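Chemist: This is a predicted model, with the sequence first.
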Amino acid sequence: MRRFFSRVALSLSVTLSVALPVFAQMPVAPEVAARAYLLLDITSGQALASKNPDQPVEPASLTKLMSAYLVFDALKAGKITLTQTLGVSERAWKMPGSRMFIDPKMQVPVEDLIKGMIVQSGNDATVALAEGVAGSVDRFVQLMNEQAKALGMGGTSYRNVEGLTEAGHITTARDLATLATRLMLDFPQYVPYYAIQRYRYPGTPGANDTNRNLLLFRDPSVDGLKTGHTSAAGYCLVATARRQVPGLGEGIQGQRRLVSVLLGASSENARAAESQKLLNWGYTAFEAVRLIPAGQPVATPRIWKGKSEQVRLGRDAGVVVSVPVGDGGKLKSEVIRPEPLVAPLLRGQSVGTLRVTLANGTPVTEIPLTVLETVEESGIFGRAWDAVRLWIQ
């Protein structure tokens with residue numbers, strides 16, 4: 001049977017007026033003093049503003065976001081534990097730059113090394129973790145590059161685990177936004193480490209205990225993520241905030257998370273101030289609209305040769321979109337999917353897209369849809385009967 005795309009309009013417009021208002025002009029982002037930046041609404045998955053998002057840049061200690069991703073993955077897989085202790089090699093001990101100040105006489109718990117890597121940006125802690133997880137730094141770097149490829153970070157190439165300047169060690173603002181998003185979604189249990197304001201390992205200098213992310217001390221909604229600085233990279237910050245907003249509901253469901261990636265600022269204070277500017281603008285210039293609650297289907301189209309007659313398509317987390325303030329009541333959407341749908345279809349399988357526009361057709365976003373509940377094949381007679389019906393159609 002020939003496949004074609006079916007457009008199924010959804011009546012999701014909530015405007016109170018009969019004549020739909022004309023789309024307001026897209027908000028203009030503020031002037032941001034940085035070489036590159038990207039502001040992403042993680043709740044909706046939409047980029048709100050950017051400058052040079054695909055320009056190759058040095059990541060400096062933002063490299064440690066990928067190092068942490070692999071450490072968290074090893075914890076999740078049971079390869080290491082938080083209470084397990086790791087030795088400190090000569091290589092880790094002699095690392096230049098930011099340090100946790102551990103030495104070869106120490107056996108340091110993994111959790112303390114994680115705090116040293118995140119809060120103190122310790123190059124020594126990062127190397128110790130890399131060696132503990134992968135056996136060697138070189139093998140860990142290989143895993144970093146493999147993971148970057150798996151996450152779709154096409155503009156990223158790692159040469160070390162800590163972020164010191166090295167030829168070919170590059171990334172982009174877009175790739176860092178992807179990494180930050182996946183880190184928080186894949187390992188939410190470890191995100192609180194990034195909100196720690198002060199930490200030091202017993203026996204190490206007390207003056208080295210303060211997180212360099214100044215927004216943790218200025219904005220209570222900010223709970224991460226990572227700073228970076230080298231003379232070549234400038235001052236960099238991946239910052240994330242979570243705020244309660246109208247229209248999304250109560251509790252966690254009502255929280256909206258943004259992440260800003262800012263690269264190449266002129267100073268520590270500048271990277272904090274410019275990141276704060278971006279986050280505040282994102283919350284005030286755009287509103288979040290929940291189109292579909294979590295767990296509810298976007299569409300329930302006919303499915304053939306299955307034990308059920310319909311399949312539930314949607315997103316486990318529901319559907320939220322970001323639109324300029326005042327345009328939340330002007331939305332329309334349609335489902336674009338293959339036709340016919342034939343069993344089996346497995347939970348999580350991608351089937352179609354939800355296209356969201358304003359009433360005048362201005363695109364807002366396109367959201368991939370997945371199968372919410374598996375539909376198994378029917379018996380031989382059911383499949384044969386549906387085959388005949390499809391042939392007649």
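Modeler: Perfect, I can see it now.
Chemist: switch to C-alpha atoms for all contacts and neighbour counts from now on
Modeler: Noted.
Chemist: Centre of the chain to the helix or strand containing residue 48, how far?
Modeler: Residue 48 belongs to strand 46-51 when assigned by DSSP states H and E. Strand 46-51 has its C-alpha centroid displaced from the chain centroid by 14 Å (CA atoms, centre = their mean, to the nearest Å).
Chemist: What strands line up against that strand, and which way round?
Modeler: strand 36-41 (antiparallel) (DSSP bridges).
Chemist: For this structure, which helix or strand comes out least confident on mean pLDDT?
Modeler: Least confident element among the helices and strands of the chain, by mean pLDDT, DSSP states H and E: strand 4-10 (a mean of 40).
Chemist: And the residue nearest to residue 32 when sequence neighbours are not counted, how close does it get to residue 337?
Modeler: Of all residues not flanking residue 32 in the chain, residue 274 sits nearest, at 6.0 Å (CA to CA, 6 or more residues apart in numbering). According to CA to CA, to the nearest Å, residue 274 and residue 337 sit 41 Å apart.
Chemist: Which residue ranges of the stretch 51-200 of the chain form strands?
Modeler: Remark: strands assigned in the stretch 51-200 of the chain by DSSP state E, counting those that start in this stretch are 85-87, 107-109.
Chemist: Give me the contacts around the last one.
Modeler: It stands for strand 107-109. If you take CA atoms under 8 Å, 6 or more residues apart in numbering as the criterion, strand 107-109 is touched by 82, 83, 84, 85, 86, 87, 88.
Chemist: What number of residues are in the vicinity of the fifth one?
Modeler: Think residue 86. A count of nearby residues for residue 86, using other CA atoms under 10 Å, gives 18.
Chemist: in terms of contact, does it touch residue 128 like I think?
Modeler: Yes: under the criterion of CA atoms under 8 Å, residue 86 makes contact with residue 128 at 7.2 Å.
Chemist: most packed of the strands of the stretch 51-200 of the chain?
Modeler: Comparing the strands of the stretch 51-200 of the chain by mean neighbour count (mean count of other CA atoms under 10 Å), strand 85-87 ranks first with a mean of 18.
Chemist: by contact count, what packs against that one?
Modeler: When contacts are defined as 3 or more CA pairs under 8 Å, 6 or more residues apart in numbering; DSSP states H and E, strand 85-87 packs onto strand 107-109, helix 123-134.
Chemist: I would like the residues contacting that strand, please.
Modeler: Applying CA under 8 Å, 6+ apart, the contact partners of strand 85-87 are 104, 106, 107, 108, 109, 110, 128, 129, 132.
Chemist: That one: partners in the sheet, and parallel or antiparallel?
Modeler: According to DSSP bridges, strand 85-87 forms sheet pairs with strand 107-109 (antiparallel).
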